[in-house]
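Engineer: Pasting the sequence and the predicted coordinates here, then a few questions.
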Amino acid sequence: MTADEHKGEEKDLQEEDLEVGLIGCGNWGRNYLRVFHELKGTRPAAVCDLKEENLSWARRHHPGIFTTENYQELFSREGLDALVIAVPASAHFALTREALEAGRDVLVEKPMALKTDEAQELVDLAEQKGQVLMVAHTFLYNPAVLKMKGLMQAADFGRVYYLWSTRAHLGLVREDISAIWDLAPHDVSIFNFLLETLPLKVSAVGGKYLMADKEDVAFINLVYPGGIVASIHVSWIDSHKVRRVVAVGSHKRVVFDDLDNLERLKVYDKGVSLEMSAESFGDFQFLLRDGDITSPSIKMSEPLKNQCQHFLQCIVERREPLTSGKNGLEVVKVLEAAERSLQNEGRLMEV
């Protein structure tokens, strides 16, 4: 699916009356409750969490909502059209599998699983059951990322040379997964989306400074078809918060800075390419471009709300989401290759 197709395909849902259940009402899960409350044609109808304080919060902010500490009650509850799973990553696979087996359409947070064979099992199960399975790669619903892809596909961007990203902050440490599985899914999904393909090979090195068994910082290198290379830096222990993705081409450079609310995208009309000299056949010369720096106009909207709207559309129309289970499986394959590389001192691994 192209960026333009994704932007232009959504229809009005206000005549629908879809009920959504949520498993996991922590800080991020609460955003899902807010969004489904604000969207037309749907409402959050039930929530499950193991902490009473989170259920109490849900009842205060969404009077009348059904709450429970037993997630299986949401699988059997009549009237629910879909489930959102926003729990720690180590529980994604098991809960998603049970939800699909119960005949529910599912939106699961990233990563959809921690092993390729588990992710493949979820994809196969969703197809067998005829259920919608969507993975919350939220950045693919960010208008700036969609715009970035359009800029890269334009002829005047030139040949794609390489991409790099940095996703770092101080704190927000996960107890069940490493920084790679927590942060890198964002950048892998963005890179795969921008290039419309998977990397062929991956290598990774990292450091364990806070916990003995989990990397809290990592550097991941990826080799894509056509000689395109990419690099991802993730960290939980960097005091300088960064959310940046850069694409460098022969004619232009595009920078997406998610923390810059005024100029989320910048386009540098600068580049270098190797051209054959017109004066001497067989000779080559470097051509440098040094043009303007522009910030294109973007009609911004909340990515999470766009994602949830798309999920509802896919439920109503029974179609495959942009970030389908297959898309989530591709991300897991890359992350698992990075994990194998970490365990083998940074050796290059095939995806």
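Structural biologist: Nice, thanks for sending it over. Residues are numbered from 1 along each chain as shown.

Engineer: okay, how far is it across stretch 95-112, tip to tip?
Structural biologist: End-to-end distance for stretch 95-112: 10 Å, by Cα to Cα, to the nearest Å.

Engineer: buried ones in it?
Structural biologist: Across stretch 95-112, burial judged by 16 or more other Cβ atoms under 10 Å covers 95-100, 102, 104-112. Where C-beta positions appear, they are placed from N, C-alpha and C, glycine not excepted.

Engineer: right, and out of those residues, which lies closest to Lys147?
Structural biologist: Lys110 (21.8 Å; Cβ to Cβ).

Engineer: Enumerate every residue touching the closest one.
Structural biologist: Neighbouring residues of Lys110 by Cβ atoms under 8 Å, 6 or more residues apart in numbering: 89, 135-138, 185-186, 189, 328, 331.

Engineer: Reformat these as a markdown table; add pLDDT, secondary structure and neighbour count.
Structural biologist: Listed next are these as a markdown table, based on pLDDT from 0 to 100; DSSP: H, G, I helix; E, B strand; the rest coil; neighbours: other Cβ atoms under 10 Å:
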| residue | pLDDT | secondary structure | neighbour count |
| --- | --- | --- | --- |
| Ala89 | 97 | helix | 19 |
| Val135 | 98 | strand | 33 |
| Ala136 | 98 | strand | 27 |
| His137 | 98 | coil | 27 |
| Thr138 | 98 | helix | 19 |
| Pro185 | 98 | helix | 26 |
| His186 | 98 | helix | 22 |
| Ser189 | 98 | helix | 25 |
| Gly328 | 98 | helix | 28 |
| Val331 | 98 | helix | 26 |
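
Engineer: Identify, from the residues you listed, the entry nearest to Ser297.
Structural biologist: Nearest to Ser297 among these, with distances taken as Cβ to Cβ, is Thr138, at 22.2 Å.

Engineer: if I pick the closest one, what's in contact with it?
Structural biologist: Contacts of Thr138 (Cβ under 8 Å, 6+ apart): 110, 186, 303-304, 307.

Engineer: gap between it and Tyr32?
Structural biologist: 11 Å (Cβ to Cβ, to the nearest Å).

Engineer: where exactly do the strands run in the stretch 201-350 of the chain?
Structural biologist: With strands called from DSSP state E, counting those that start in this stretch, the stretch 201-350 of the chain shows them at 201-207, 217-223, 229-235, 237-249, 253-257, 265-276, 284-294, 349-350.

Engineer: Can I get stretch 229-245 in CSV, CA atoms only?
Structural biologist: Provided in CSV are the C-alpha atoms of stretch 229-245 (Å, rounded to 0.1, in the frame of the first residue of the first chain):
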residue,chain,number,x,y,z
VAL,A,229,22.6,0.7,4.0
ALA,A,230,20.9,1.9,7.2
SER,A,231,21.8,2.4,10.8
ILE,A,232,19.7,2.5,14.0
HIS,A,233,20.9,3.8,17.4
VAL,A,234,18.7,3.1,20.4
SER,A,235,19.3,3.9,24.0
TRP,A,236,17.5,4.1,27.4
ILE,A,237,20.4,5.9,29.1
ASP,A,238,21.1,9.0,27.0
SER,A,239,20.2,12.3,28.7
HIS,A,240,19.6,13.9,25.3
LYS,A,241,16.2,12.8,24.0
VAL,A,242,16.3,12.3,20.3
ARG,A,243,13.6,11.0,17.8
ARG,A,244,15.2,11.5,14.4
VAL,A,245,15.1,9.6,11.0
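
Engineer: Buried residues in that stretch, which are they?
Structural biologist: Buried-residue list, stretch 229-245, by 16+ other Cβ under 10 Å: 230-236, 238, 243-245.

Engineer: Show me which of those is closest to Ile220.
Structural biologist: Looking across the buried residues of stretch 229-245 and measuring by Cβ to Cβ, the closest to Ile220 is Ile232, at 4.3 Å.

Engineer: Let me know the pLDDT of that closest one.
Structural biologist: If you check Ile232, the pLDDT there is 98.

Engineer: picking that back up, closest one to Ile85 among the strands of the stretch 201-350 of the chain?
Structural biologist: Checking the strands of the stretch 201-350 of the chain against Ile85 by Cβ to Cβ gives strand 229-235 as the closest, at 22.8 Å.

Engineer: just how off-centre is that closest one within its chain?
Structural biologist: Strand 229-235 sits 15 Å away from the centroid of its parent chain (Cα atoms, centre = their mean, to the nearest Å).

Engineer: With stretch 253-264 instead?
Structural biologist: 17 Å.

Engineer: ok, now stretch 129-143?
Structural biologist: How far stretch 129-143 lies from its chain's middle: 8 Å, per Cα atoms, centre = their mean.

Engineer: Would you mark the buried spots in that stretch?
Structural biologist: Buried residues in stretch 129-143 (16+ other Cβ under 10 Å): 131-143.

Engineer: what's the span of that stretch, first residue to last?
Structural biologist: Start and end residues of stretch 129-143 are separated by 32 Å (Cα to Cα).

Engineer: Stretch 61-71 too?
Structural biologist: Terminal residues of stretch 61-71 lie 20 Å apart, using Cα to Cα.

Engineer: which residues sit against it?
Structural biologist: Contacts of stretch 61-71 (Cβ under 8 Å, 6+ apart): 23, 30, 33, 37, 44-50, 52, 55, 58-59, 74, 77, 95, 98.

Engineer: Right, I'll call it a day here.
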